[in-house]
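Visitor: give me coordinates for this.
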Amino acid sequence: MNNNKPLHIFGEVLFDHFPDGSRVLGGAPFNVAWHLQAFGLSPRFISRIGDDPSGQEVAALMDFWGMHKEALQRDPEHPTGSVRVSIDNGEPHYEIIPDCAYDFIDSQLLDEKTTQGILYHGSLALRNLPSYRALQTTKARHQGKIFVDVNLRVPWWDRDLVLSLLHDADWVKLNEAELAELCSEESSLENAMRACCAQFNLDMLVVTRGPKGAVACDRRQDFVSVEPPKSMPVVDTVGAGDAFAAVLLMGLSKQWSMDLMLDRAQAFASNLVGRRGATVTDSTFYSVFNEQWH
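Guide: Residues are numbered from 1 along each chain as shown. Okay, here's the model as predicted:
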């Protein structure tokens with residue numbers, strides 16, 4: 001009997017274009033859905049691709065990976081999403097192309113059924129009104145928990161909109177800079193996290209800290225922190241946060257303890273940064289974790 005909570009992933013799918021000319025499928029929600037599929041959780045991915053070669057490639061890769069496509073829309077007017085990635089002092093920087101298919105997710109094409117389980121979404125895909133309306137429709141039909149993965153990309157975010165998303169959330173993941181941007185200034189990270197949890201009435205808040213790892217707290221104000229191993233090789237950190245979020249969702253679905261979730265999320269993210277790009281097409285990469293965690 002499968003007791004896992006159903007997972008619904010809403011948002012962008014795009015290609016990351018790297019300075020060396022390579023391109024890798026990505027977009028935070030797609031990356032999360034990809035990892036969850038590899039972990040055997042069969043998420044429902046809600047997005048939109050262009051009627052173009054890149055869109056055909058996305059669909060083919062989803063078929064290859066065994067992902068469900070019933071909530072993947074096709075757009076005859078707008079291209080499949082794309083981002084130009086540059087690496088500066090080891091940190092990725094993104095030039096996000098506007099008016100892509102994922103900006104126009106059509107609320108009229110969404111499944112009208114009520115959903116249970118966990119709804120995950122970010123903030124980038126909401127930069128255009130059609131996709132924002134589609135998320136609101138999806139949330140109105142959802143009777144489970146909501147996980148918000150904050151992803152502030154200048155100039156593609158609006159403070160009031162993001163704050164409204166946090167008020168609807170049960171669980172939130174963001175980085176230290178995003179926490180400082182969105183929540184009141186406090187004397188320490190722990191105080192800032194306590195204030196954020198109280199302000200938005202959160203069940204759990206996770207703050208990622210790059211090479212310093214991550215910290216989580218729950219509504220009881222219990223704190224857990226993790227750090228990456230110092231010996232792990234790093235190729236690039238693109239998608240590290242998405243890998244972390246995917247394992248958090250897996251843990252929430254399976255009702256793992258907060259410290260177990262963070263340990264496993266950090267272990268998976270630390271391994272992912274040893275490879276180029278945010279997703280891995282080699283299923284054996286995931287098998288080690290599946291064997292350990294199931």
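Visitor: which residue ranges of the stretch 101-250 of the chain form strands?
Guide: 118-121, 145-149, 171-175, 204-208, 214-218, 223-226 (DSSP state E, counting those that start in this stretch).
Visitor: so which of those strands comes closest to His8?
Guide: strand 118-121 (4.7 Å; CB to CB). For glycine as for every other residue, the C-beta is placed from the backbone atoms N, C-alpha and C.
Visitor: partner strands of the closest one, with direction?
Guide: strand 7-10 (parallel), strand 145-149 (parallel) (DSSP bridges).
Visitor: just the helices in the stretch 151-294 of the chain please.
Guide: According to DSSP state H, counting those that start in this stretch, the stretch 151-294 of the chain carries its helices in the segments 159-167, 176-182, 189-200, 240-254, 258-272, 284-293.
Visitor: most packed of those?
Guide: Among the helices of the stretch 151-294 of the chain, ranked by average contacts under mean count of other CB atoms under 10 Å, first place goes to helix 240-254 (a mean of 24).
Visitor: okay, the angle between that one and helix 284-293?
Guide: Counting by axes from the mean of the first three to the mean of the last three CA atoms, to 10 degrees, helix 240-254 lies at 40 degrees to helix 284-293.
Visitor: angle of helix 240-254 against helix 258-272?
Guide: Using the same axes, to 10 degrees: helix 240-254 against helix 258-272 is 140 degrees.
Visitor: what packs against helix 240-254?
Guide: Packing contacts for helix 240-254, counted by 3 or more CB pairs under 8 Å, 6 or more residues apart in numbering; DSSP states H and E, involve helix 28-38, strand 118-121, strand 145-149, strand 171-175, strand 204-208, helix 258-272.
Visitor: would you turn these into CSV with distance to Leu129 and mean pLDDT?
Guide: Below are these laid out as CSV (distance: least, CB to CB, whole Å; pLDDT from 0 to 100):
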stretch, distance to Leu129, mean pLDDT
helix 28-38, 18, 96
strand 118-121, 16, 98
strand 145-149, 19, 98
strand 171-175, 23, 97
strand 204-208, 28, 97
helix 258-272, 33, 94
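Visitor: and Gly239, which of these is closest to it?
Guide: helix 28-38 (5.1 Å).
Visitor: packing partners for that closest one?
Guide: strand 7-10, strand 44-50, helix 53-65, strand 118-121, strand 145-149, helix 240-254, helix 284-293.
Visitor: buried residues in it?
Guide: 28-38 (16 or more other CB atoms under 10 Å).
Visitor: hmm, back to that, let's have the helices of the stretch 151-294 of the chain in CSV, adding distance to Asp149.
Guide: Below are the helices of the stretch 151-294 of the chain laid out as CSV (distance: least, CB to CB, whole Å):
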stretch, distance to Asp149
helix 159-167, 10
helix 176-182, 10
helix 189-200, 14
helix 240-254, 5
helix 258-272, 12
helix 284-293, 20
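Visitor: ok so, going back, from the strands of the stretch 101-250 of the chain, which stretch is densest packed?
Guide: strand 118-121 (a mean of 26).
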